[in-house]
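Enquirer: my questions concern the predicted model and sequence given below.
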Amino acid sequence: MRTIRGRLAVGYAISLAVSMFVFAASIYVAQWPERFNQLDRRAELVSDLVADIVAEASQRLDRVVTRNPSTNQPGLDEGVAALLESVQDYVIILDSGGTILYTSEAPRASLTGAQLVRLAEVARDPVPRGHFGVIDLGPPVGQIRYYVRPIANAGPSVASILAGAPTIGVGAPRLLVGILTSAPIILIASIIVGYVIAGRNIKPVDTIIDEIEAITDGRSLHRRVVDMKETEELARLSTTLNAMLVRLERNFVSLRRFTADASHELKTPLTVLRAGVERAITHPATPPVVMEVLEETLVEVNRMSEIVDSLLTLARVDEGRAPLHLEPTDLRDLLGEIAETASILGEHASVEVSVGIPESPLVLPLDRARVRQLLLNLLTNATKYTRKGGSVTITCAAEADSVVVKVVDTGVGIAAGDLPHVFDRFWRADAARSRTGQRPGTGLGLAICQWIAEAHGGSIEVQSRRGEGTTFTVSLPRADVG
Ligand code: ADP
């Protein structure tokens, strides 16, 4: 169960199940001592009813007890016995000598002869009003609860009446049975209701997550989450997050300011430094040993200038001070300009470079300088990271609403784990090499490429396999981005 919503629903259902169990158990315990009350009251009533019927018959008839002509055994008058047949309970009527005069249908059907005799024995002793007798007759009937009353007004030959019933099946209160049978339905319903209620309450948290997710970089730090007033916790959460965003934005702005100021301040001294070194290099009196040192210094100064330029560009981008100057541009012109640089770069790196220029015009709203910078960055990287004898190809294809430029190389490639980081600032797959001068770089080029593509409303993607080569795909929309 990985969602809070699911956990709440299950927790709710478990607590309901536990309360239902406790409720059912307490009903069971409360009703347990009284479970036979109804049975006992019924035995008393039945015995009174039978006594009334027999007494009333004894007034109508000469005698309610007759003798069976064949066995000479005394028995209840057949007419009276027929009247009593409708009684469902155990009924036994005895005469004063303890002989059974009548046995109702229930005990006749369920008791053995010996069990009947044992029941008849207890029927001799009347039970005081409000009390009840219990006799265990063994299987299959088990315990029988009974009441015995004497009968005085039915003539001398009828002495006592036993009425009773087995206790089998009595015990589980009906409410308890009802609760247990309906428990699964109630539980399922409660899980559904719990899930829906939890979902409603979690929804604002989802909204906050979406809003925070929309804050993807420093440029969206001005955004705030909606003030949630629904509950105290949500109000606290939104207030805390907004306070955190304010602090983050403030820090981010100062950092941006610092980067912009620092790179700006470094620009002029670096230009002066470069001019000085260049002048010293070209001076005829400079000895060869010093010349070597100066050349190395110039390489480093150039690298620093490159970093400072890139940092300044990115700082301006972050501050929103790097506007694009869009104008309808035929991409073929740009590709033509790049082809010249490409052949020089290719020659230098002993890599075969080819730039495919489409035949028909591809006019797009572009910032010429920026797109040239983007393509040159990709081209420089491609030649830089391709071994001698490899190849670099630039292709361009028009699609329905965009133009797709691909820079494909057969170079060293990028490890799958590194791919998500290539557009991060200062990220380099092999940072150590930049210092040895083997593959110099700043780690800022692709971050700038990504900004240029996105600022045009387009995108840049990378596909690569270690040792096989890399493809950068730039997509630029045909529509005016305004
Ligand atoms: P750098 O100035 O170091 O080239 P980038 O931002 O242009 O900085 O590139 C970042 C890193 O991405 C590089 O250091 C390199 O590891 C990797 N990379 C970029 N382009 C390629 C490529 N065509 N082939 C292999 N790796 C590349």
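Expert: Looks like it came in fine.
Enquirer: so which bits of the protein are right by the ligand?
Expert: Residues of the chain lying near the ligand by Cβ under 6 Å from any ligand atom: 377, 381-382, 385, 409, 411-414, 422, 427-430, 441-446, 470. To be clear about C-beta, it is placed using only N, CA and C from the backbone, and glycine gets the same treatment.
Enquirer: give me the buried entries from those.
Expert: Neighbour-count burial (16 or more other Cβ atoms under 10 Å) is assigned, among those, to 377, 381-382, 385, 409, 411-414, 422, 428-429, 441-446, 470.
Enquirer: now, the residues you listed that are in strands?
Expert: D409, T470 (DSSP state E).
Enquirer: what is the neighbour count of L311?
Expert: 20 (other Cβ atoms under 10 Å).
Enquirer: could you find the closest non-adjacent residue to it?
Expert: S263 (4.3 Å; Cβ to Cβ, 6 or more residues apart in numbering).
Enquirer: how near is the closest residue to E399 other than its chain neighbours to the ligand?
Expert: Leaving out its chain neighbours, the residue that sits closest to E399 by Cβ to Cβ, 6+ apart is S475, at 8.0 Å. Computed as Cβ to the nearest ligand atom, to the nearest Å, the S475 to the ligand distance reads 18 Å.
Enquirer: quick one on the thing from earlier: state the mean pLDDT of the host helix or strand of the residue nearest to L311.
Expert: Assessed by DSSP states H and E, S263 sits inside helix 232-282. What helix 232-282 shows for mean pLDDT is 92.
Enquirer: mind giving me the packing neighbours of it?
Expert: helix 174-213, helix 288-319 (3 or more Cβ pairs under 8 Å, 6 or more residues apart in numbering; DSSP states H and E).
Enquirer: next secondary structure after the shortest one?
Expert: Right, helix 288-319. strand 327-330.
Enquirer: wasn't G164 part of a helix?
Expert: No. Counting by DSSP: H, G, I helix; E, B strand; the rest coil, G164 is not found in a helix; it is strand.
Enquirer: which parts of the stretch 1-150 of the chain are strands?
Expert: Secondary structure of the stretch 1-150 of the chain by DSSP state E, counting those that start in this stretch: the strands cover 65-67, 74-76, 90-94, 100-103, 133-136, 143-150.
Enquirer: residue nearest the centroid of this protein?
Expert: By Cα atoms, centre = their mean, the chain has its centre lying nearest to T3, at 2.6 Å.
Enquirer: which one is that one nearest to, not counting chain neighbours?
Expert: I202 (8.0 Å).
Enquirer: burial measure for the one you found, as a count.
Expert: Neighbours of I202 (other Cβ under 10 Å): 14.
Enquirer: could you measure from it over to T231?
Expert: Here I202 is placed at a distance of 11 Å from T231 (Cβ to Cβ, to the nearest Å).
Enquirer: C396 now?
Expert: 56 Å.
Enquirer: who's more crowded, these two?
Expert: Set C396 next to T231 and count neighbours by other Cβ under 10 Å: C396 wins out with 19 against 11.
Enquirer: contact partners for that one?
Expert: Applying Cβ atoms under 8 Å, 6 or more residues apart in numbering to C396 gives the contacts L331, R332, L335, G356, I357, P358, L362, V403, V404, V405, K406.
Enquirer: can you tell me which of the residues you listed is nearest R67?
Expert: If you rank the contacts of C396 by distance to R67 using Cβ to Cβ, V404 comes first, at 119.4 Å.
Enquirer: gap between the spatially closest residue to P166 that is not a sequence neighbour and I209?
Expert: Using Cβ to Cβ, 6+ apart and skipping the chain neighbours, the partner closest in space to P166 is V141 (4.7 Å). According to Cβ to Cβ, V141 and I209 sit 68 Å apart.
Enquirer: before we move on, the earlier item: just confirm the residue nearest to E399 contacts H456, I think it does.
Expert: No. Taking contacts as Cβ atoms under 8 Å, S475 lies outside contact range of H456: 9.4 Å.
Enquirer: those two: who's more crowded?
Expert: With neighbours defined as other Cβ under 10 Å, S475 and H456 compare such that H456 has more, 22 against 18.
Enquirer: for that one, which residues are in contact?
Expert: So H456 contacts L324, L326, P365, L366, D367, R370, V371, L476, P477, V481 (Cβ under 8 Å, 6+ apart).
Enquirer: what do you get if the cut-off is 6 Å, keeping everything else the same?
Expert: If you count contacts by Cβ atoms under 6 Å, 6 or more residues apart in numbering, H456 has them with L476.
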